[in-house]
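> just to be clear, the model below is a prediction. Sequence and coordinates:
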Amino acid sequence: MAKKHKKPLYTAADQERLVPSSSSDTREDKWRSQFRRDFGRLIHCPAFRRLQGKTQLFSAPDSDFFRTRYSHSLEVAQIATSIVSKINYEHAYFRQFPIDKDIVETAALAHDLGHPPFGHNGEYALDEKMKSHGGFEGNAQTLRILSRLEKRQTFPVKDGASFQPLDSGKENRAGLNLTYRTLAAVLKYDNEIPLVHTDRKNEDEICKGYYSTEADVVGKIKAAIPHKPGSEFRTVECCIMDIADDIAYSTYDLEDAFKAQFLTPLSITGLPEDVRTKAIGTIQKRLDRYYKHLPSKARRFDHADLLNTLLTIFVAVYQDSADYIEHLDELDSFATAFVATDAAFALAMELVSNGYPRTKLTSDLVANFIAGIEVEPNNEYPAQTIVRLNVETFKQVEALKNVTYQSLIMSPRLKVAEHRGKQIVGEIFDALKTREGHLLMPDDARYLHDKMSGTANKLRVICDFIGCMTDRYALHFYNRLFGTNHESIYAPL
């Protein structure tokens, strides 16, 4: 019997761009692939550099130890390429048709480009201001930056003029003009965000997806990459990038929280009930979304499961309580479980104050999480091959990620910073949307605002301008608008 032919992972259409190479490039380098060219375009663009000035967990000026979006993205890229190496080595199909590391690395480095100043707090503020005009969402903004905002490429116009961002008042920008397969790798959510989204009950209900302004871009991406009609569009490279982000988030944000002494292993296992309940609710929703193929019992995640998961992760902290660990299943409440011996307390504080055990913990966690990768091949549509964590590893990653997040957002110290960040972003937006507010923006943004037609497009220009700010620039711009100290008119905008 003849061996069944296997479909390749990549096609020529994957390498096509919004603006064809013949129109946008004077040469083609034979010594590097189109995907490697994408990597170079990202590394050298301003949006990537700005990540060094955007908060990850703790404000960068507070210490040069804590991660920024820039260093976080580097860690995500390293984890993502490690996952690629593992899959390409272990799976027969991918030994024949390897996953391209350049695509995955570029997507990992680019995945946070769309975060505005002050992280999720800035995101909430901008989404509130834009809720009747398409909203604001970090992933959607990332795609917009790559395919529109970066000033590398525009579409050709009839009169032959170069670099025209608008053509007869309509969008004419192509951003970095990346390949369709690279753009697909950052497309995490396959749905268009509605123009009007007024039914949001709380800040956690930001609508995920892509903006209507990039619907044509998404259409071209989908047309280029073979996928099952009617199915959720998500490529294997996007899966890997997303997992790597979760792994980095769950481990390295935890390390920063330990270093800042916001958390200890003991405080994590002794969290207030409301914090645990919120974390459990989020984890359960994600289990139900990504593990529909498993029976409900395997997806169940309750208070006892959270405790067991956390104690398994921090088992070294409780290594002098072997009998206690062995009988975790017999524990009936969090209070019963929390029996902190002197040895456990000493080990927990050592993890907070000593960089050696902290580094070992995060290193071991990353290695263990990568070991939990599983692959569900798609023979008909290889680009839609699913990569995920096995369910038990997923529970560990989600437990750390959500417990850390819920613990920190309830901290009074971070609540103050959160309020301040939202206020700054919101007040800048309100000032710029006034009748002559656009005159306060730099020339290029003012030009777009003047030439764009319609309120939604003009507000999107303002939103783009603010969304691209670093934390420091937002503070500086805010002080120029509202501060009492003298600001030099010679300082550029």
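Great, that's in hand. Residues are numbered from 1 along each chain as shown.
> hey, let's count contacts and neighbours off CA atoms from now on
Fine.
> by mean pLDDT, which helix or strand of the protein comes out lowest?
Between all helices and strands in the chain, the lowest mean by mean pLDDT, DSSP states H and E belongs to helix 334-337, at a mean of 42.
> check residue 327 and give its pLDDT.
Per-residue confidence (pLDDT) for residue 327: 50.
> should've said residue 413
71.
> what are the contacting residues of the helix or strand hosting it?
Here residue 413 sits within helix 412-432, counting by DSSP states H and E. With contact meaning CA atoms under 8 Å, 6 or more residues apart in numbering, helix 412-432 is reached by 117-118, 121-122, 124-126, 129, 408-409, 437-441, 462-463, 466, 474-475, 478, 481.
> what is the next helix or strand after that helix packed up against?
Next along the chain after helix 412-432, taking DSSP H and E as the criterion, comes helix 443-451. If you count contacts as 3 or more CA pairs under 8 Å, 6 or more residues apart in numbering; DSSP states H and E, helix 443-451 packs onto helix 455-467.
> ok now the helix or strand that the helix it packs on is followed by, how far from the chain's centre?
Heading C-terminal from helix 455-467, the first helix or strand you meet, by DSSP H and E, is helix 471-482. Relative to the centre of its chain, helix 471-482 is centred 25 Å away, using CA atoms, centre = their mean, to the nearest Å.
> ok, back up a step: give the buried residues for the helix holding residue 413.
Across helix 412-432, burial judged by 16 or more other CA atoms under 10 Å covers 414, 418, 421-422, 424-426, 428-429, 431-432.
> give me the neighbour count for residue 12.
By the criterion of other CA atoms under 10 Å, residue 12 has 8 neighbours.
> residue 438 and residue 431: what is the separation?
Counting by CA to CA, to the nearest Å, the gap from residue 438 to residue 431 is 9 Å.
> ditto for residue 135
Computed as CA to CA, the residue 135 to residue 431 distance reads 18 Å.
> could you do residue 146 as well?
Counting by CA to CA, the gap from residue 146 to residue 431 is 27 Å.
> could you do residue 241 as well?
Distance of residue 241 to residue 431, computed by CA to CA: 37 Å.
> then residue 54?
Separation of residue 54 from residue 431 (CA to CA): 22 Å.
> same check, this time on residue 34
For residue 34 relative to residue 431 (CA to CA), the value is 42 Å.
> cool, and residue 263?
38 Å.
> one more: residue 441?
Distance from residue 441 to residue 431, by CA to CA: 10 Å.
> show me where the protein has strands.
With strands called from DSSP state E, the chain shows them at 166-167, 170-171, 373-376, 386-389.
> would you list those in JSON lines and tack on mean pLDDT?
Formatted as JSON lines, these follow (pLDDT from 0 to 100):
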{"stretch": "strand 166-167", "mean pLDDT": "91"}
{"stretch": "strand 170-171", "mean pLDDT": "90"}
{"stretch": "strand 373-376", "mean pLDDT": "97"}
{"stretch": "strand 386-389", "mean pLDDT": "98"}
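> just name the most buried of these.
Comparing these by mean neighbour count (mean count of other CA atoms under 10 Å), strand 386-389 ranks first with a mean of 20.
> for the nearest residue to residue 210 once chain neighbours are set aside, grab the count of nearby residues.
Spatial nearest neighbour of residue 210, excluding adjacent residues (CA to CA, 6 or more residues apart in numbering): residue 140 at 4.3 Å. Residues near residue 140, counting by other CA under 10 Å, number 27.
> what sits against residue 140?
Applying CA under 8 Å, 6+ apart, the residues contacting residue 140 are 114, 208-211.
> try 7 Å
By CA atoms under 7 Å, 6 or more residues apart in numbering, the contact set of residue 140 is 209-211.
> out of the residues you listed, who's nearest residue 219?
Set against residue 219, the nearest of the contacts of residue 140 by CA to CA is residue 210 (11.4 Å).
> ok, the closest one touching residue 188?
No - in terms of CA atoms under 7 Å, residue 210 does not count as a neighbour of residue 188; the distance is 9.0 Å.
> those two: which is more packed in?
residue 210 (29 against 21).
> per-residue pLDDT, the more buried one?
Note on residue 210: pLDDT of 98.
> how much space is there between it and residue 232?
For residue 210, the distance to residue 232 equals 14 Å [CA to CA].
> now the closest residue to residue 307 other than its chain neighbours: how far from residue 365?
Distances taken as CA to CA, 6+ apart place residue 269 nearest to residue 307, at 6.6 Å, with adjacent residues excluded. Applying CA to CA, the value for residue 269 to residue 365 is 17 Å.
> likewise residue 39?
28 Å.
> can you check residue 268 too?
Counting by CA to CA - residue 268 and residue 365 are separated by 16 Å.
> please apply the same query to residue 12.
Counting by CA to CA, the gap between residue 12 and residue 365 amounts to 38 Å.
> try residue 250
With distances taken as CA to CA, residue 250 is found 9 Å from residue 365.
> neighbour count: these two, which is higher?
Neighbour totals were compared for residue 250 and residue 365, and residue 250 leads with 24 against 20 (other CA under 10 Å).
> list the contacts of the more buried one.
Residue 250 neighbours (CA under 7 Å, 6+ apart): 397, 400-401.
> among these, name the buried ones.
397, 400-401.
> those residues into JSON lines, with extra columns for distance to residue 282 and pLDDT?
JSON lines is the format used below for the buried ones among the contacts of residue 250 (distance: CA to CA, whole Å; pLDDT from 0 to 100):
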{"residue": "397", "distance to residue 282": "12", "pLDDT": "97"}
{"residue": "400", "distance to residue 282": "12", "pLDDT": "95"}
{"residue": "401", "distance to residue 282": "10", "pLDDT": "93"}
